[in-house]
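Peer 1: Quick one, what's the 3D model for this:
(2 chains)
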Amino acid sequence: MSVDLEDRLRTMYTAVAETTEVRDELVPIADGLVVAHRSIGRRRVVALIAVAAVLIVGLVVVVTHHRTPTPAAPMKDRPFAVATWVPEGFAFKDATPDVQPNTELRGFPGVSVGVSFAEYGGASSHRIVVGTARSAAASPTPGTRSVTLTSGVVAQVTRDTEFVTVAWVQPGGYATSIYAQGITDDDAIGLANSTWWVTPSMWRQLTAKAGFPQLQLDAWHPPGDAGSSITFHMSGSVQEGFRLTIDGFGISLGGSTPSGRTGPVCTSHWPGRSDTDQRMLLFGNGTVTGFRVTLYDGTTRDVEAGMPPGAPAVHIGGTVIDAPRSYLNGNVKVECIGGRP
Amino acid sequence: MTLNRNGWLGAVVLTVAPLAAIWVLSRPGPRNDFTERVVASEHATTLQAGSDWTLERLQHDGYECIRIRIGERATSCTGGPFSAGSGQSNEVRGLAHHFALIMFGSTTPAAVAMFSSRSTGVEHAMVLASTDVYITAVELQPGDEPWGYHMLDSKGAVVSNQSLLPP
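Peer 2: Have a look, this model is predicted:
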């Protein structure tokens, strides 16, 4: 300790001594009864504190296990598009919200208001641009061919020698396009299927620090009787891509996952690790409205399918099967209800 | 004994002041990774040179290792087995310098695209450190916060990306 600090402390102690009043007060000597009374009082206080602590801990446990996610923003409040998957060799480079007027969204001639881009770079300076415009009324220019995305929306695909454009309008959402160089048409369609739409505040979070922060967004319970015990998140980073995850299990929206296949394909998955965890997840593409589960004894059960927030490529449901999982494996059949071929 | 207002104030100050003093005195000084003194007899090969620093390879206790040197001070010499595609990055600070030191196991030339609070995908060529390891020291300016980097192959395709953000 420095001499200066010592001096200052000494001065302070002296000041305290000078300003402290000492009063001689008569303190009655406690008799046995008073001591006993105080002791009982202390015990009561301790008991009350213990009860309060137990109640608080219980409340925290109940709240954390049964809290309902904040209702997710609807598609109309999600004007920004993020590719949750990109082809090998590419990675996120930059994002430009609300670019200058007169910059058209590829595939939508004349649409130049509220245009935003996310740009991904790859080999030989090739790039992929995922763009959106805050214009739900626009329709894409007819392409060299059209394809039905896994969300059920028809997109226009235009290919020239170097670039491919996939353009579509997401129902309830916005005009969106993929404009890419150095990738195949299938990859461009895979990118379109992987699109996740987000709100302006989520977009800021996602693209901050060049998209490197790891995030977990859009908490969501799927419909079905197991719904409240199942919480999905969109997890990952813009740099590494995003997956819909639950308890360490995840599905990607693009590529060869159920949602990436053509036609309705419905599958099931058991998210828990223990044999007694009887929650079953049901997956289909975005055109599926529900799932018919045929159990080991021949009975059937219909489970509603729902769209995860901002991710129309996939529909998910959840149900609880009243039997150990080891018995069910191979004895449960899942079929799609609805869905376009 | 009862205390008046000044007494209480003094007591609080007397309690807080020593704690504050202890906290101030126990705080670590600025980080300095340049802990080694350069020995004149060492034979080092310069791989990369900056304004007043060099990235060097040298033989140390029978194995090849890498260090950054500023004047007569250097970082401890580090190395390690690298297989193709594996990478490693360290932040190096001290002597008013801040580096991101990035190593990558590859037999073909590679580059790094650095993302930080002051750069977006600025490319830095890597130099061959040994037969199958490429390396680069990216010097960061004061206040520049590194966010992450892309490892690029000779065609500029992204082989991998790595966050430099604290977990």
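
Peer 1: which residues touch residue 104?
Peer 2: Reading this off chain A. For A:Glu104, the contacting residues are A:Gly110, A:Val111, A:Ser112, A:Val115, by CB atoms under 8 Å, 6 or more residues apart in numbering or on different chains. Glycine gets a C-beta too; all of them are placed from N, C-alpha and C.

Peer 1: Correction: the question concerned chain B.
Peer 2: If you count contacts by CB under 8 Å, 6+ apart, B:Phe104 has them with B:Phe82, B:Ser86, B:Gly87, B:Gln88, B:Ala110, B:Val112, B:Met126, B:Val133, B:Tyr134, B:Ile135, B:Met151.

Peer 1: Ok, B:Ile102 next?
Peer 2: B:Ile102 sits next to B:Gly87, B:Gln88, B:Ser89, B:Val112, B:Met126, B:Ile135, B:Thr136, B:Ala137, B:Val138, B:Tyr149, B:Met151 when contact means CB under 8 Å, 6+ apart.

Peer 1: Filter these down to the buried ones and hand me the ChimeraX line.
Peer 2: The buried residues among the contacts of B:Ile102 can be selected in ChimeraX (16 or more other CB atoms under 10 Å in any protein chain shown) with this line:
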select /B:87,89,112,126,135,136,137,138,149,151
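
Peer 1: Pipe the contacts of B:Ile102 into JSON lines and attach secondary structure, pLDDT and distance to chain A per row.
Peer 2: Output for those, formatted as JSON lines (DSSP: H, G, I helix; E, B strand; the rest coil; pLDDT from 0 to 100; distance: CB to the nearest CB, whole Å):
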{"residue": "B:Gly87", "secondary structure": "strand", "pLDDT": "80", "distance to chain A": "14"}
{"residue": "B:Gln88", "secondary structure": "strand", "pLDDT": "85", "distance to chain A": "17"}
{"residue": "B:Ser89", "secondary structure": "strand", "pLDDT": "89", "distance to chain A": "13"}
{"residue": "B:Val112", "secondary structure": "strand", "pLDDT": "95", "distance to chain A": "12"}
{"residue": "B:Met126", "secondary structure": "coil", "pLDDT": "95", "distance to chain A": "17"}
{"residue": "B:Ile135", "secondary structure": "strand", "pLDDT": "94", "distance to chain A": "21"}
{"residue": "B:Thr136", "secondary structure": "strand", "pLDDT": "96", "distance to chain A": "18"}
{"residue": "B:Ala137", "secondary structure": "strand", "pLDDT": "96", "distance to chain A": "20"}
{"residue": "B:Val138", "secondary structure": "strand", "pLDDT": "96", "distance to chain A": "14"}
{"residue": "B:Tyr149", "secondary structure": "strand", "pLDDT": "96", "distance to chain A": "9"}
{"residue": "B:Met151", "secondary structure": "strand", "pLDDT": "94", "distance to chain A": "10"}
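
Peer 1: Could you dump the contacts of B:Ile102 into a markdown table and include distance to A:Ile230?
Peer 2: Output for the contacts of B:Ile102, formatted as a markdown table (distance: CB to CB, whole Å):
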| residue | distance to A:Ile230 |
| --- | --- |
| B:Gly87 | 36 |
| B:Gln88 | 38 |
| B:Ser89 | 37 |
| B:Val112 | 41 |
| B:Met126 | 45 |
| B:Ile135 | 46 |
| B:Thr136 | 45 |
| B:Ala137 | 48 |
| B:Val138 | 44 |
| B:Tyr149 | 37 |
| B:Met151 | 37 |
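
Peer 1: Can you say which of the contacts of A:Glu104 are buried?
Peer 2: In terms of neighbour count (16+ other CB under 10 Å), the buried residues within the contacts of A:Glu104 are A:Val111, A:Ser112, A:Val115.

Peer 1: and chain B, which of these contact it?
Peer 2: By CB under 8 Å from any CB of the partner chain, no member of the buried ones among the contacts of A:Glu104 lies near chain B.

Peer 1: which among those residues gets closest to A:Thr14?
Peer 2: Nearest to A:Thr14 out of the buried ones among the contacts of A:Glu104 is A:Val115 (CB to CB; 72.0 Å).

Peer 1: Thought A:Ala138 was touching the closest one, still the case?
Peer 2: No: if you go by CB atoms under 8 Å, A:Val115 and A:Ala138 don't touch, sitting 10.9 Å apart.

Peer 1: Can you pull the residues that touch both of these two?
Peer 2: A:Leu105.

Peer 1: Pick the one among the buried ones among the contacts of A:Glu104 closest to A:Ala95.
Peer 2: Looking across those and measuring by CB to CB, the closest to A:Ala95 is A:Val115, at 12.3 Å.

Peer 1: Specify the beta-bridge partners of that closest one.
Peer 2: For A:Val115, the beta-bridge partners are A:Ala133 (DSSP bridges).

Peer 1: Show me which residues of the host helix or strand of A:Glu119 are buried.
Peer 2: Assigned by DSSP states H and E, A:Glu119 belongs to strand A:115-121. By neighbour count on 16+ other CB under 10 Å, the buried set for strand A:115-121 is A:Val115, A:Ser116, A:Phe117, A:Ala118, A:Glu119, A:Tyr120, A:Gly121.

Peer 1: Next, work out how far apart the last one and A:Pro79 are.
Peer 2: Yep, that's A:Gly121 we're talking about. For A:Gly121, the distance to A:Pro79 equals 24 Å [CB to CB, to the nearest Å].

Peer 1: next one: the first one
Peer 2: Between A:Val115 and A:Pro79 the computed distance is 10 Å (CB to CB).

Peer 1: what do those two both touch?
Peer 2: Taking CB under 8 Å, 6+ apart as the contact rule, A:Val115 and A:Pro79 both touch A:Thr132.

Peer 1: For A:His315, report the pLDDT, please.
Peer 2: Per-residue pLDDT puts A:His315 at 94.

Peer 1: The closest residue to A:Lys333 other than its chain neighbours: how many residues sit nearby?
Peer 2: Beyond its immediate neighbours in the sequence, the residue positioned closest to A:Lys333 (CB to CB, 6 or more residues apart in numbering or on different chains) is A:Thr294, lying 4.2 Å away. Look at A:Thr294: counted by other CB atoms under 10 Å in any protein chain shown, it has 14 neighbours.

Peer 1: Over to A:Glu88?
Peer 2: A:Glu88 has 11 neighbours, counted by other CB under 10 Å.

Peer 1: How about it: what's its closest non-neighbour residue?
Peer 2: Excluding the flanking residues, the one nearest A:Glu88 by CB to CB, 6+ apart is B:Ala157, at 7.8 Å.

Peer 1: And for that neighbour, the neighbour number?
Peer 2: 19.

Peer 1: Need phi/psi at it.
Peer 2: B:Ala157 adopts backbone torsions of phi -70, psi 150, taken as degrees, to the nearest 10.

Peer 1: Output the below-cut-off pLDDT ranges for the stretch 101-250 of chain A.
Peer 2: Residues of the stretch 101-250 of chain A meeting the criterion pLDDT under 70: A:136.
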